[in-house]
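Asker: Whatever this is, show me its structure:
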Amino acid sequence: MIRKHKTELIVSSLVILIPVLVGLILWNRLPETIATHWGFDGQPDGYGSIPFAVFVPYLCLLAGHWLCILVTAKDPKNQNRNWKPIRLVLWIMPVLSNVCGAIMYSLALGVQVSVSGIMIAALGLMFVAIGNYLPKCRQNYTIGIKVPWTYTSEENWNATHRFGGRVWIVGGAVMMLAAFLPAGWNAGVMIASAVVLSVVPTVYSYCYYRKQVQRGDELKPVPSAHTRLGKVGIAVGVLTLAFVLVTLFAGSVETTFSDDSFTIKASFYDDLTVAYDRVESVEYRDGNVPGRRVFGVGSFRLLLGTFENEEFGNYTRYTYYNPEACVVLKVNGKTLVLSGRDAAETQSIYQQLLDKTQ
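Answerer: Below you'll find the predicted structure:
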């Protein structure tokens, strides 16, 4: 396969490295530290030097590109098959590389773009493209919906991939529409959609297999270990979806007061206790305190952990997502930002802190 399509393999590899060439051209215009990773809220949470940002991500994508090609080429069932699904494998990494490069360099040069919106739209487009090609995939071990029951017969494989193709096209379209939602919400819809797109075709394949068994069709045996593995996969997918929804949409931050200290109890993150005599100042602010997450939890329900901005540098945050108001404290020279569910609850926290610290 590699020899037969070596020209396209070389071209696709060179396309992956286009952002490296762009980075070399822009080298002297780039800031010393460049954002290389972003959280669900669209805020950068990972940074690198110019050499790291210009070379490492794209060399990793190139290595992943060739790993996918070699694994696909080794599959004997892919020999002399329809080239279109395999071509899709060839161009996923090049497209991803250039989208990432465009986002990273744009932000580095001060151009404001919606990171989460662009990436989710690109991912949705990828799912639509894959869904279009899924019905064209014949049985193989590397490309397609590879669950135990699709290998029991070509009928199951073909039916599952026709159904899965439609599901992936619809799911990809939902992701593309979700790209227009606010940062955080679009990521939640994207993750939930991706889990659904994995679980639904798997369940369909199993149900189709059970119908074939009831009809008495002649099927290849499914080893019991593989059957158990498939069922475990479905269970894991459902649990993963539930975990994602809970993590991104649920949780709370509660502030309680004792005689000598106050304690912040937060879902999915460490609690924090602060003695009143360590508090140097307390300030109430309307609206949100902007910042980039350095470490911690960032969902569209909670913002917890270490953040940074130009005003405070690094600071600790225990707030709801985009709060109506915040309380800003100075604790032993460091900044702590708190909030309640709404402005009224935040005002109550502020008043109790004033009473306890004065």
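
Asker: Please make it C-alpha for all contacts and neighbour counts, starting now.
Answerer: OK.

Asker: burial measure for residue 315, as a count.
Answerer: Residue 315: 19 surrounding residues under other Cα atoms under 10 Å.

Asker: residues in contact with the host helix or strand of it?
Answerer: Assessed by DSSP states H and E, residue 315 sits inside strand 313-320. For strand 313-320, the surrounding residues in contact (Cα atoms under 8 Å, 6 or more residues apart in numbering) are 252-253, 264, 266, 301-308, 326, 334-341.

Asker: Who are the packing partners of the helix or strand residue 192 falls within?
Answerer: Taking DSSP H and E as the definition, one finds residue 192 inside helix 185-215. Helices and strands touching helix 185-215, by 3 or more Cα pairs under 8 Å, 6 or more residues apart in numbering; DSSP states H and E, are helix 115-133, helix 154-178, helix 224-249.

Asker: Let me have those helices in TSV, extended by mean pLDDT and mean neighbour count.
Answerer: As requested, those are exported to TSV (pLDDT from 0 to 100; neighbours: other Cα atoms under 10 Å):
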stretch	mean pLDDT	mean neighbour count
helix 115-133	89	21
helix 154-178	94	21
helix 224-249	64	15
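
Asker: Kindly reformat the ones you listed as TSV containing distance to residue 203.
Answerer: Converted to TSV, these look like this (distance: least, Cα to Cα, whole Å):
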stretch	distance to residue 203
helix 115-133	17
helix 154-178	10
helix 224-249	7
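
Asker: low pLDDT regions in the stretch 51-200 of the chain?
Answerer: Residue ranges of the stretch 51-200 of the chain with pLDDT under 70: 75-85, 183-184.

Asker: at 80 instead, please
Answerer: For the stretch 51-200 of the chain, residues meeting the criterion pLDDT under 80 lie at 71-89, 140-143, 182-188.

Asker: Please, where are all the strands along the stretch 251-358 of the chain?
Answerer: Ranges of strands within the stretch 251-358 of the chain are 253-257, 261-266, 272-275, 279-286, 292-298, 302-309, 313-320, 325-331, 334-338, based on DSSP state E, counting those that start in this stretch.

Asker: Output the last one in CSV with nothing but the alpha carbons.
Answerer: Yep, that's strand 334-338 we're talking about. Written as CSV, here are the backbone C-alpha positions of strand 334-338 (Å, rounded to 0.1, in the frame of the first residue of the first chain):
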residue,chain,number,x,y,z
LYS,A,334,-1.4,36.0,47.9
THR,A,335,-4.8,36.5,46.2
LEU,A,336,-7.8,34.3,46.7
VAL,A,337,-11.0,34.8,44.7
LEU,A,338,-14.4,33.4,45.9
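
Asker: what lines up beside that strand in the sheet?
Answerer: strand 313-320 (parallel), strand 325-331 (antiparallel) (DSSP bridges).

Asker: and the first one, which residues are buried?
Answerer: By that I understand strand 313-320. 314-320 (16 or more other Cα atoms under 10 Å).

Asker: okay, that strand in PDB with CA atoms only?
Answerer: Output in PDB follows, covering the C-alpha atoms of strand 313-320 (Å, rounded to 0.1, in the frame of the first residue of the first chain):
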ATOM      1  CA  GLY A 313      -0.200  37.200  38.600                       C
ATOM      2  CA  ASN A 314      -0.900  33.700  40.000                       C
ATOM      3  CA  TYR A 315      -3.900  33.500  42.300                       C
ATOM      4  CA  THR A 316      -6.200  30.800  43.800                       C
ATOM      5  CA  ARG A 317      -9.800  30.600  42.600                       C
ATOM      6  CA  TYR A 318     -12.900  28.900  44.000                       C
ATOM      7  CA  THR A 319     -15.800  30.300  42.000                       C
ATOM      8  CA  TYR A 320     -18.700  29.300  39.800                       C
END
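
Asker: model confidence over it, on average?
Answerer: Strand 313-320 shows a mean pLDDT of 93.

Asker: where does it sit relative to the chain's centre, distance-wise?
Answerer: Put simply, strand 313-320 sits 22 Å off its chain's centre (Cα atoms, centre = their mean, to the nearest Å).

Asker: for the last one, same thing?
Answerer: Between the mean C-alpha location of strand 325-331 and the chain-wide mean there is a distance of 30 Å, by Cα atoms, centre = their mean.

Asker: Quick one: residues in contact with that strand.
Answerer: Under Cα under 8 Å, 6+ apart, the answer for strand 325-331 is 278-289, 319, 335-340, 342-343, 346-347, 349-350.

Asker: try it again with 7 Å
Answerer: Residues outside strand 325-331 that contact it (Cα atoms under 7 Å, 6 or more residues apart in numbering): 278-288, 335-339, 343, 346, 350.

Asker: Report the inter-axis angle for that strand versus strand 279-286.
Answerer: Taking axes from the mean of the first three to the mean of the last three Cα atoms, to 10 degrees, one finds strand 325-331 and strand 279-286 inclined to each other by 160 degrees.

Asker: For strand 325-331, the averaged confidence score.
Answerer: On average, strand 325-331 scores 95.

Asker: So which residues of the stretch 1-150 of the chain form helices?
Answerer: Ranges of helices in the stretch 1-150 of the chain, per DSSP state H, counting those that start in this stretch, are 6-16, 18-26, 50-74, 83-108, 115-133.
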